[in-house]
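In: Okay, sequence plus prediction incoming.
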Amino acid sequence: MMPDAAPVYKIPQSVLVVIHTAALQVLLIRRADAGTWQSVTGSKDQPDEDYAQTAVREVREETGIDALASNCLLTDWGLENVYDIYPAWRWRYPPDVSRNTERVFGLCVPHAVSVVLHPQEHTHYQWLDWQAAADAVFSPSNAEAILLLPRMLEARP
């Protein structure tokens, strides 16, 4: 008889990627499990995966967009949010973990591109102007990041 496999827990380090155009249109995707709107998010797969690698992987998995394409610009905004993990999702993490660290990135794409959603994770997508997008998302840290978008674009060289 085989022993039970040890549970595989999520790593409490994740990314939030605000995908946008230069005209401040923001991509939102709708979660399949909760029905809420959000930007791309996701946890590291391995503890040594750096945040930029996580951002590129999650963008590709959730939208089909290649963040490393020559017409895209992935930017680490140098911001981290530390927040309590919602009780409904805490079972995904080790028993002693209650907080997550989220690194924020922006991904500028040339226009409001079509995306290919991962159907088990997301059901719909929409492009909204940045203010409407900030109002539409469920997560306060996601709304705050979207509201920073104009300032982050001005700060770019």
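Out: Arrived safely, thanks for sending. Bear in mind the structure is a predicted one, so any value in this text is a computation, not a measurement.
In: Enumerate every residue touching residue 62.
Out: Taking CB atoms under 8 Å, 6 or more residues apart in numbering as the criterion, residue 62 is in contact with 29, 40, 42, 117, 118, 121, 122. To be clear about C-beta, it is placed using only N, CA and C from the backbone, and glycine gets the same treatment.
In: Apply 10 Å and report the result again.
Out: Listed by CB atoms under 10 Å, 6 or more residues apart in numbering, the contact partners of residue 62 are 17, 19, 27, 29, 38-42, 115-118, 121-122, 125.
In: Between the residues you listed, which sits nearest residue 103?
Out: For the contacts of residue 62, the minimum distance to residue 103 (CB to CB) is 9.4 Å, reached by residue 17.
In: From residue 27, how far off is that closest one?
Out: According to CB to CB, to the nearest Å, residue 17 and residue 27 sit 9 Å apart.
In: sorry, back to before: give me the lowest-pLDDT entry from the contacts of residue 62.
Out: pLDDT across those is lowest for residue 118, at 88.
In: how about that one, secondary structure?
Out: Following DSSP: H, G, I helix; E, B strand; the rest coil, the label given to residue 118 is coil.
In: Compute the number of surrounding residues for it.
Out: 13 (other CB atoms under 10 Å).
In: before we move on, back to that, overlap in contacts of residue 17 and residue 27?
Out: With CB under 10 Å, 6+ apart as the test, residue 17 and residue 27 both reach 39, 40, 59, 62, 63, 65, 107.
In: Cheers, nothing more for now.
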